[in-house]
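Asks: Predicted coordinates and the sequence they were generated for:
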Amino acid sequence: MKTNLRKFRFNRDELSQQKLADMVKVSRQTIVSIERGDYAPSVKLALLLAEKLETTVDELFILEEKDHV
């Protein structure tokens with residue numbers, strides 16, 4: 001799964017990983033793992049991230065061909 005989380009953070013006044021983590025009540029390491037593609041967030045977390053970044057889940061996360069297997 002591809003993520004645009006970092007792009008949306010930067011487009012929102014260069015919001016830090018820590019600040020975003022605090023906004024959605026997770027650790028900074030969780031945000032790092034999502035941005036690296038090492039961790040797929042729960043539906044609830046994906047919705048919270050989209051809400052805080054004023055976008056949609058579809059804009060933040062994109063399924064790749066390998067995800068359809």
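Replies: Perfect, I can see it now.

Asks: what's Gln18 in contact with, if anything?
Replies: Neighbouring residues of Gln18 by CB atoms under 8 Å, 6 or more residues apart in numbering: 28, 31. From N, CA and C alone the C-beta is placed, and that goes for glycine too.

Asks: Please tell me the pLDDT value assigned to it.
Replies: Here the pLDDT value assigned to Gln18 is 98.

Asks: then the helix or strand where it lies to PDB, C-alphas only?
Replies: In the assignment (DSSP states H and E), Gln18 maps to helix 17-24. C-alpha atoms of helix 17-24 as PDB (Å, rounded to 0.1, in the frame of the first residue of the first chain):
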ATOM      1  CA  GLN A  17       5.200  13.500  12.900                       C
ATOM      2  CA  GLN A  18       4.900  14.100  16.600                       C
ATOM      3  CA  LYS A  19       2.200  16.700  16.300                       C
ATOM      4  CA  LEU A  20       0.200  14.500  14.000                       C
ATOM      5  CA  ALA A  21       0.700  11.500  16.300                       C
ATOM      6  CA  ASP A  22      -0.500  13.600  19.300                       C
ATOM      7  CA  MET A  23      -3.600  14.700  17.300                       C
ATOM      8  CA  VAL A  24      -4.700  11.100  16.600                       C
END
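
Asks: C-terminal to that helix, what's the next element?
Replies: Using DSSP H and E, the helix or strand that follows helix 17-24 in sequence is helix 28-36.

Asks: Would you tell me what the next helix or strand after that next one is?
Replies: Per DSSP H and E, the first helix or strand lying C-terminal to helix 28-36 is helix 43-52.

Asks: same for that next one, what does it pack against?
Replies: Under the contact definition 3 or more CB pairs under 8 Å, 6 or more residues apart in numbering; DSSP states H and E, helix 43-52 sits against helix 17-24, helix 57-60.

Asks: Same list, those, but as a markdown table with distance to Lys66 please.
Replies: Shown next, in a markdown table, are the helices and strands packed on helix 43-52 (distance: least, CB to CB, whole Å):
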| stretch | distance to Lys66 |
| --- | --- |
| helix 17-24 | 26 |
| helix 57-60 | 18 |
